[in-house]
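Structure, please.
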Amino acid sequence: MKNQYSDRIVRLLQLYLLGNITEKERQELESWCEDAPRNRKLFEQICQEDLFSKEHAVYKEINDIKALHVFEKRVRKVSPKYIGRWWKYAVVLLFPILVVGSWKLMHETVQVPVVVSSVASVQPGCSQAVLVLDDGRKVFLKEEEEGVISEDKEITVTGEKDRLVYTSSEGKNVDGIRFNELEVPRGGEYKVKLADGTLVYLNSATRMKYPVKFDGKERKVYLSGEAYFEVAKDPECPFFVEMEGVEVRVYGTSFNVNTHQKGCIQTVLVKGSIGVKVLASGTESVIKPGQMAEFKQGKTKVDVKEVNVAVYTDWKDGIFRFENQRLEDILTVLSNWYDVDVFYQTPSVKELHFSGYMERYKDVRVILDAITLSTGVTFSIQGKTIIVSK
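Numbers count the residues shown, from 1 in each chain. Okay, the predicted model is just below:
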């Protein structure tokens, strides 16, 4: 077999992605792409603009030589029979290992692939939810749900592919505030456009309670789980998101909130300005774009820090992104999205840290294999359970 997986090709890919490739090197890379359809396909996958453009400014600051040496050392330690597996998910590995060089706790041992007892039992999530109307009736929503779901003199609820849309009539409520609830199960995601025009992306294992029509004084919704908000501007009618112990006050902005970590609520601001109030103490902290306010149960105020916003918001665009995160937290995310349980035969592995990203709609084995190759942790899938061991 021609040496299509050589260190030289890896280096050319790196130079191309960083914009430092010469014309001669570009021709060499192009020749490699022409050698085999799989080479061209991989090159196009790696160069997807929607993935790479978000990180280009960061990659330019990376010590790419050091990162390359880490990758080269790792590849040389892998038995030749596993090279095909490395290349199969290189779109996952090349950016975090080759360019970023941030994969943690590299091990020298060759790992075995994920053992799977039933491939069909673990599937990526899809658009699905349950709408609970104010009279208690439940409507089960699936992808491409279209048509009128509920209609009265004040509000019309319509299904439009992957979202609910509330269309309000003119004037204020005359019968008092009525609430609906949208429940997104594990293995699901859904969107809802509220009566004021606010668009909310609901992640897996999330529930939101909201008025079918706001009263004009304030706009308040109640959330458990994770959601990304694009709030319609209305300076005279503030928007509130209330969670357990915390209230977020908004006037028109984009932000992400997450209550999935036990005893912790994270609010990340993309643009605009919001105030995060601890209800028990009344202490409010105003955060700026690029910051996260983190509240831990029992505290009287939130901790504010600068973060990489993409880590907390790219899920809505179909991407898993992890930045030096604990393996347990990562597997919690995967558990919700793939609707699986996780069992740890070796509890100590929960504290391993991991960085990288991949598309949310890929086979779960792709990311588990990547974690195995970089941390030494092994996985087996039994039905709807992922078993983790060392």
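
Show me the domain layout of the protein.
Under the assignment automatic domain parsing, the domains of the chain span 7-100, 115-121+318-389, 126-312.

where does the longest one sit relative to the chain's centre, distance-wise?
For domain 126-312, the gap between its own C-alpha mean and the chain's C-alpha mean amounts to 17 Å (Cα atoms, centre = their mean, to the nearest Å).

got the residue ranges for the helices in this structure?
For the chain, the helices defined by DSSP state H occupy 7-18, 23-35, 37-46, 49-52, 56-59, 64-76, 83-88, 90-93, 309-313, 327-338, 364-375.

okay if I get the domains of the chain as CSV plus mean neighbour count and mean pLDDT?
All C-beta spots, glycine's among them, are computed from the backbone N, C-alpha and C. Below are these laid out as CSV (neighbours: other Cβ atoms under 10 Å; pLDDT from 0 to 100):
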stretch, mean neighbour count, mean pLDDT
domain 7-100, 15, 58
domain 115-121+318-389, 18, 84
domain 126-312, 17, 89
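
Report the contact partners of the residue nearest to Y166 when sequence neighbours are not counted.
Nearest non-adjacent residue to Y166, counting by Cβ to Cβ, 6 or more residues apart in numbering: A195, 4.3 Å away. A195 sits next to 155, 166-168, 211-214 when contact means Cβ atoms under 8 Å, 6 or more residues apart in numbering.

Mind doing that once more with 10 Å?
154-157, 165-169, 210-214, 219, 232 (Cβ atoms under 10 Å, 6 or more residues apart in numbering).

Also Y201?
By Cβ under 10 Å, 6+ apart, Y201 lies in contact with 162-163, 184, 189-192, 226-230, 256, 313, 315-317.

hmm, 7 Å instead?
191, 227-228, 316 (Cβ atoms under 7 Å, 6 or more residues apart in numbering).

Tell me how far it lies from V311.
To V311, Y201 is 16 Å away according to Cβ to Cβ, to the nearest Å.

ok, for the spatially most central residue of the chain, nearest residue in space, not its chain neighbours?
Among the residues of the chain, the one closest to the centroid is W315, at 2.5 Å (Cα atoms, centre = their mean). Spatial nearest neighbour of W315, chain neighbours left out: N203 (6.0 Å); criterion: Cβ to Cβ, 6+ apart.

Quick check: the one you found vs L182, distance?
N203 is 12 Å from L182, where distance means Cβ to Cβ.

do the same with K142
To L182, K142 is 14 Å away according to Cβ to Cβ.

ok, and what's touching stretch 135-146?
Outside of stretch 135-146, the residues within contact range by Cβ under 7 Å, 6+ apart are 126-133, 149, 159-162, 190.

In strands, which of those appear?
Judged by DSSP state E, strands contain the following of these: 126-132, 149, 159-161, 190.

could the residues you listed be laid out in CSV, adding distance to V304?
As requested, these are exported to CSV (distance: Cβ to Cβ, whole Å):
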residue, distance to V304
C126, 35
S127, 34
Q128, 35
A129, 32
V130, 35
L131, 35
V132, 35
I149, 40
G159, 39
E160, 37
K161, 37
Y190, 30
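
Out of these, the closest to I371 would be?
Closest to I371 out of the ones in strands among the contacts of stretch 135-146 is C126 (23.4 Å), distances taken as Cβ to Cβ.

Could I get the contacting residues of the residue nearest to K233 when sequence neighbours are not counted?
Closest residue to K233 apart from its sequence neighbours, by Cβ to Cβ, 6+ apart: G252 at 3.1 Å. G252 sits next to 231-234, 272 when contact means Cβ under 7 Å, 6+ apart.

Distance to V366 added to those residues, as CSV?
Listed next are the contacts of G252 as CSV, based on distance: Cβ to Cβ, whole Å:
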residue, distance to V366
V231, 35
A232, 38
K233, 40
D234, 43
G272, 35
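
Those: which two are farthest apart?
Farthest apart among the contacts of G252 by Cβ to Cβ are D234 and G272. That separation is 12.7 Å.

For R249, list each beta-bridge partner.
F240, G275 (DSSP bridges).

Quick check: it touching G275?
Yes: counting by Cβ atoms under 7 Å, R249 touches G275, with 4.3 Å between them.
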